[in-house]
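# pasting the structure only:
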């Protein structure tokens, strides 16, 4: 049934919301612009002088001209270190190559020579995780000096550090998920395993080099004098060592060879998903910025968001009269079926049971799930604890954790406490997770955290016979409020890769369509649940 919007874009409230949220969107665009600038003009000029393109220029040539590149985690590394690491020093995202969705991972050599900071490793591994989950071919555009040595203890030795990249390559290749690389610059030490472990690899003449130890280390270890090209250039690896399979004249040629490799891959499997002809929503996406209230605590009808994202603004609601603080229903996005689970208030037992039932249906019918988060958490209090809200919430968490259909999460408001878990937060392996600029995420709201900690401190001091004044209580609360305001922001989250990107709300439909499309490249596993506490 078509959602009938109750929004008036001429109202004072709408225009106040619009002005407030557009400021956030403009801030996002500024941050993204700075991230995409990479290491700056000087670094780009140095790259150009050596005959190389930037990471994003290579990607532009690589993908189909009529398509677009859905970049992921562009704000990774923002304000994270004393050293500036724009976009985490690596570009990742989904691009179409000969009509096939591929994961592209490209080192940005303008940022510290493409070396790997801890956030670089984390972003690289997340891209591989998405590729493995969705059976997407991985294309690595290599131009890296390897690990950032001053932070080697945070990059090298642990399970989720640098070596995991090659572990993932081996596992994905064994599953038939193609690993393809092109070497455009340095590919040194452990990094040399990226092309060596790829199904097919390309190397650019004159600029691409692959070796476990570069000329200085060879000189120190053996006394041998040798140039980088003689040690591990394109001629060496395509005609002597066999480490690379194709020699390219330049970056453009390398990207053309990569396109040819993808063109000749076998056809991917597809799940039995009932696709239909796409239809645009009945309401414009531009209105989304006018719907979200200026105050995060103010309620709004989540159907207004859904109406501007789904085909025809049609939503067939499931259990519309039960558990009304959770909206569940069937819809399509660009013709792809999707089961929507969206917050319309706090979660009660009825809401949790309704969500659990709906997830079971979607898992059985092989329908992807879209979670729209705006959640303060589950209801608390004696009545609800005695009513078993913990076990009812656990059912929802069970269902979310075990669902084997694609799960995409978009945080459009708050994401707090156990509500984050029940609505498929990062810990529950969504295929993708995005945030809007206004979104907030933390264990609880800042006000609640300040009240809890202040109450504990007041009780301690009263026991000691030294009660606190109102001013002293505020002195306790204010730093907590400031800390939570900073740490719950979308910028803080995205810098640490708690999400896959902060997005312009007006781009939501296009991004959701691309992500849903990227999940249709393999047969999904059967969902099996554990024990539900009854």
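The structure has been received and is ready for your questions. For clarity, every value in this text was computed on a predicted model and none was experimentally measured. Numbering: from 1, shown residues only.
# in the stretch 101-250 of the chain, which spans are strands?
Assignment of strands within the stretch 101-250 of the chain using DSSP state E, counting those that start in this stretch yields the ranges 138-144, 179-188, 200-204, 209-211, 246-248.
# Quick one, which of those gets closest to residue 488.
Within the strands of the stretch 101-250 of the chain, the stretch nearest residue 488 is strand 138-144; the backing value is 33.0 Å (Cβ to Cβ). In this view, the C-beta of every residue, glycine as well, is placed from N, C-alpha and C.
# And the strands of the stretch 101-250 of the chain: which comes nearest residue 233?
strand 209-211 (5.6 Å).
# How far off centre is the closest one?
Shown here is strand 209-211, whose average C-alpha point lies 31 Å from the average C-alpha point of the whole chain (Cα atoms, centre = their mean, to the nearest Å).
# pLDDT of that strand, averaged?
Summarised as a single mean, pLDDT over strand 209-211 is 93.
# ditto for stretch 492-511
98.
# Stretch 143-161 too?
For stretch 143-161, the per-residue pLDDT values average out at 91.
# Contact partners for the residue nearest to residue 205 when sequence neighbours are not counted?
Setting aside the residues directly before and after it, residue 205 is nearest to residue 234 in space (Cβ to Cβ, 6 or more residues apart in numbering), at 4.3 Å. Under the criterion of Cβ atoms under 8 Å, 6 or more residues apart in numbering, the neighbours of residue 234 are 203, 204, 205, 206, 208, 244, 247, 248.
# Counting neighbours, what do you get for the nearest residue to residue 86 once chain neighbours are set aside?
Distance criterion Cβ to Cβ, 6+ apart; nearest residue to residue 86, sequence neighbours excluded, is residue 35 at 4.7 Å. In terms of burial, residue 35 registers 22 neighbours under the definition other Cβ atoms under 10 Å.
# got the buried residues for the one helix or strand residue 35 maps to?
With elements delineated by DSSP states H and E, residue 35 resides in helix 12-36, which encompasses its position. Of the residues in helix 12-36, those with enough neighbours to count as buried (16 or more other Cβ atoms under 10 Å) are 14, 17-18, 20-21, 24-25, 28, 31-32, 34-36.
# OK, contacts around residue 35?
Contact criterion Cβ under 8 Å, 6+ apart gives 74, 75, 78, 86, 87 as the residues in contact with residue 35.
# please redo it, this time with the cut-off set to 10 Å
Contacts here follow Cβ atoms under 10 Å, 6 or more residues apart in numbering; on that basis residue 35 touches 71, 73-78, 85-88, 91, 108, 111.
# Same check on residue 334?
With Cβ under 10 Å, 6+ apart, residue 334 has these contacts: 275-280, 310-311, 509-510, 512-514, 516-517.
# By neighbour count, which of those residues wins?
With neighbours set by other Cβ under 10 Å, the maximum within those is found at residue 310, which has 25 neighbours.
# related to what we said a few turns ago, do you know the pLDDT at the residue nearest to residue 86?
You'll see residue 35 listed with a pLDDT of 97.
# any idea how far it is from residue 90?
According to Cβ to Cβ, to the nearest Å, residue 35 and residue 90 sit 11 Å apart.
# residues shared between the contacts of these two?
Joint contacts of residue 35 and residue 90 (Cβ under 10 Å, 6+ apart) are 73, 76, 77, 108, 111.
# What is the nearest of these to residue 470?
The shortest separation between residue 470 and any of the shared contacts of residue 35 and residue 90 is 41.4 Å, and it belongs to residue 77 (by Cβ to Cβ).
# how many other residues sit next to the closest one?
Residues near residue 77, counting by other Cβ under 10 Å: 28.
# Ok, residue 167 next?
The local packing of residue 167 (other Cβ under 10 Å) involves 14 other residues.
# Turn the buried residues of helix 12-36 into a markdown table, columns for distance to residue 134.
Formatted as a markdown table, the entries for the buried residues of helix 12-36 read as follows, by distance: Cβ to Cβ, whole Å:
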| residue | distance to residue 134 |
| --- | --- |
| 14 | 37 |
| 17 | 35 |
| 18 | 35 |
| 20 | 35 |
| 21 | 31 |
| 24 | 30 |
| 25 | 28 |
| 28 | 25 |
| 31 | 27 |
| 32 | 24 |
| 34 | 29 |
| 35 | 24 |
| 36 | 25 |
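# List the residues that contact the closest residue to residue 201 other than its chain neighbours.
Sequence neighbours aside, residue 195 is the residue nearest to residue 201 in space, at 3.9 Å (criterion: Cβ to Cβ, 6+ apart). For residue 195, the contacting residues are 140, 142, 179-183, 187, 201-203, 208, 210, 237, 243-245, taking Cβ under 10 Å, 6+ apart as the criterion.
# Enumerate the positions of the following helix or strand past the helix holding residue 35 that are buried.
Of the helices and strands lying after helix 12-36 in sequence (DSSP H and E), the nearest is helix 41-49. Of all the residues in helix 41-49, those buried under the rule 16+ other Cβ under 10 Å are 43, 44, 47.
# For helix 41-49, give the mean pLDDT please.
Model confidence over helix 41-49 averages 93 on the pLDDT scale.
# cool, and stretch 94-106?
97.
# swap in stretch 526-534?
Per-residue pLDDT values across stretch 526-534 average out to 85.
# Residue 527 in helix, strand or coil?
Counting by DSSP: H, G, I helix; E, B strand; the rest coil, the backbone at residue 527 sits in coil.
# My understanding was that it contacts residue 359; is that so?
Yes: checked against Cβ atoms under 10 Å, the pair residue 527 and residue 359 is within contact range at 8.7 Å.
# shared neighbours of those two, anything?
Applying Cβ under 10 Å, 6+ apart, one finds that residue 527 and residue 359 are jointly contacted by 399, 402, 403, 405.
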